[in-house]
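Student: below: sequence and its predicted model.
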Amino acid sequence: MSSSDYARRYPIGAEVTRGGTHFRVWAPIRSRVEVVLEGGPNLELVAEGGGYFSGFASGMGDGARYRFRLDGGQSLYPDPASRFQPHGPHGPSQVVDPARFGWDDVHWSGLKAEGQVLYEMHIGTYTPEGTFAAAAAHLPELAQLGITAIEVMPVADFPGRFGWGYDGTCLFSPTRLYGTPDDFRRFVNAAHANGIGVILDVVYNHFGPDGNYIREFAPSFLSTVHKTEWGEPFNFDGPDSGPVREFFIANAAYWIEEFHIDGLRLDATQAIFDDSPTHILTEIARRVREAARGRATFLMGENEPQDANLVRGCENGGCGLDAIWNDDLHHSARVALSGKNEGYFMDYRGTPQEFVSAAKWGFLYQGQQYRWHNRRRGRPAFDIPRHRFVAFLENHDQVANSGRGFRVNQMTSPARFRAMTAYLLLIPATPLLFQGQEYASTKPFLFFADHHPELAAAVFNGRRDSMRRFRSQSGVEGMSLVPDPADMKTFERSKLDRAERDSRPEWLALHHDLLALRKIDPAFRSKVMDGAILGPEAFVLRFFVPGDQDRLLVVNLGRDLHLDPAPEPLLAPPEAHSHWYPIWSSEDPKYGGHGTAPLDTDDNWWVPGEAAVVLAARPREMDIK
């Protein structure tokens, strides 16, 4: 019987069906493929044509373990589309029946593109246990904070005891380090019960260097034309690319259908090479939305060159994603807060102009020359709605790229960090917080990867080389401080300290109140906004709302500023007989501040230093005498 005789959900892998399990694998260079079952008879698969082999194992179900034997050889290999690797990528594959799990999220409607607050989480370091189950216990805290979606760093299985997840080799298998596939389902189920969506970070640009057996099945899975800095990219546009495209389209749908994931974050999309008439990302986006069956999905891409076409519709030459990461805003904020513009920060000054422009237009570079790359960066993105830009002060890469894993709050004063946090959480972009940022964690997030000694040494040397891009870290002392990625202590140091959260209520209050203001005040959903520079480190954003309900966000990262005169029309109140009064300040004592005096006074404007203030207008007769 051929695979067409079975109601398969996906074109590859082991699927439990009535009376047993059906196997299907693509191995175009092989003439014979056997399934070697643990504790059972072997099953020889039937060649279908086109390089596919398939077969049915009667009586075999959930939990059964197996490997493949190719052309009668002695070596046994895991399934390239294994649903679970209980002993890691080098061990046997395990059959998983997703129908055994009982979902409680029937009324969950998914994630719309607009109105989200994202939270990046690494399961292995989020809790001391480093598991899906342990992380799930803290979901109510994130819901109370105002988080609407968690972006889970990659969970596809990889070798070793720890890692970031970007070197995955078993793309259908949630890593055994964090739990079982059903543990991941329970995490998603619990998130939905708390009103939180789950976005999964996926890596569709390369396999990790260890634990990848795809060459034994199909060398043409990998491109011989394109190259990446991490390894061989996938063959999406050459000979035999059809089954490769099918594999990744199926993988994207698999997470949406079998794990109820609400969207994907597509890693390093600039390295997903495809010269086909229809880009693979476009096909993935279409399939994800089909798989969601009416649920709203959220697809975002990381793209170092900041190609706005990623979020344009297919009819306009784009890929149809919902959002794109905005490194420009991060880089400007990092320069402003740390005072350093070395390495890849060299094209940023951290000035008020950059923050006004980032709030208004998203990307700062939309085709200008970029010294770091010695070429033009980006393309015009004036037509892209602002919520499609994902803004952040921290993420896993940027914290780790400080060499010693310093958090942004450790690079500046508490007051300046509070002010910049207000800017991040109130501008029209979609904000993203990195785990622990909500309480100004001092725990580092370092680069860690557990590889065999030879590969580990190469990775360590590569890490040190990458840190030499930063002049302040390039000396002997700086290099000596770069931690060994393969050292268990590097991983352990990166785990969050839950006691910090309990001891820093002022930071939690800051983030909670800003997110509540963003949600409740309609001004921060306004489509009409403008901004102006007030001083060397000060600027204002005005959110226009009908009915004299405008809001001002005044941010000053420098010293106190007296604007007299104040020839800036954005500071004018909506009506001649009204004036501005503060409704929120980063200097509120409950956030650790010193209080805020009125800004709009009879002798013009007094802008407090190292602060952010939100103002609303009211008639003067309402003032309390």
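Tutor: Everything's here; your move. Numbering: from 1, shown residues only.
Student: show me what contacts Gly238?
Tutor: The contact partners of Gly238, taken as C-beta atoms under 8 Å, 6 or more residues apart in numbering, are 220, 223-225. Backbone N, C-alpha and C define where each C-beta goes, glycine included.
Student: and it, how far from Phe221?
Tutor: The gap separating Gly238 from Phe221 is 10 Å, by C-beta to C-beta, to the nearest Å.
Student: again with Arg312
Tutor: Note on Arg312: its distance to Phe221, by C-beta to C-beta, is 30 Å.
Student: tell me which of the two has more neighbours.
Tutor: The residue with more neighbours, out of Arg312 and Phe221, is Phe221; 21 against 18, by other C-beta atoms under 10 Å.
Student: just give the nearest non-adjacent residue to that one, would you?
Tutor: Ile214 (4.8 Å; C-beta to C-beta, 6 or more residues apart in numbering).
Student: in three-state terms, label Val25 for me.
Tutor: Under DSSP: H, G, I helix; E, B strand; the rest coil, the three-state class of Val25 is strand.
Student: go ahead and confirm it touches Tyr52.
Tutor: Yes. With contacts counted by C-beta atoms under 8 Å, Val25 reaches Tyr52, the gap being 7.2 Å.
Student: who has more neighbours, these two?
Tutor: Between Val25 and Tyr52, counted using other C-beta under 10 Å, the more crowded position is Val25 (25 against 20).
Student: and the closest residue to that one other than its chain neighbours, how many neighbours?
Tutor: Sequence neighbours aside, Phe53 is the residue nearest to Val25 in space, at 5.5 Å (criterion: C-beta to C-beta, 6+ apart). Using other C-beta under 10 Å, Phe53 has 26 neighbouring residues.
Student: residues in contact with Phe53?
Tutor: For Phe53, the contact set (C-beta under 8 Å, 6+ apart) comprises 23-27, 30, 33, 45-47.
Student: look up how far His451 lies from it.
Tutor: Phe53 is 32 Å from His451, by C-beta to C-beta.
Student: do Trp606 as well
Tutor: In terms of C-beta to C-beta, Trp606 sits 57 Å off from His451.
Student: how about low-confidence regions in this protein?
Tutor: Scanning the chain for pLDDT under 70 picks out 1-4, 621-625.
Student: how far off centre is the top helix by length along it?
Tutor: For the chain, the longest helix by residue count, based on DSSP state H, is helix 241-258. From the chain centre to the centre of helix 241-258 is a distance of 20 Å (C-alpha atoms, centre = their mean, to the nearest Å).
Student: output the contacting helices and strands for that helix.
Tutor: Packing contacts for helix 241-258, counted by 3 or more C-beta pairs under 8 Å, 6 or more residues apart in numbering; DSSP states H and E, involve strand 170-174, strand 197-202, helix 280-292.
Student: adjacent strands (with direction) for the first one?
Tutor: Strand pairing for strand 170-174, using DSSP bridges, gives strand 156-157 (antiparallel).
Student: who touches the partner strand?
Tutor: Outside strand 156-157, the residues touching it (C-beta under 8 Å, 6+ apart) are 85, 88-89, 165, 168-177, 202-203, 211.
Student: just the buried members of the residues you listed?
Tutor: 85, 88-89, 165, 168-177, 202-203, 211 (16 or more other C-beta atoms under 10 Å).
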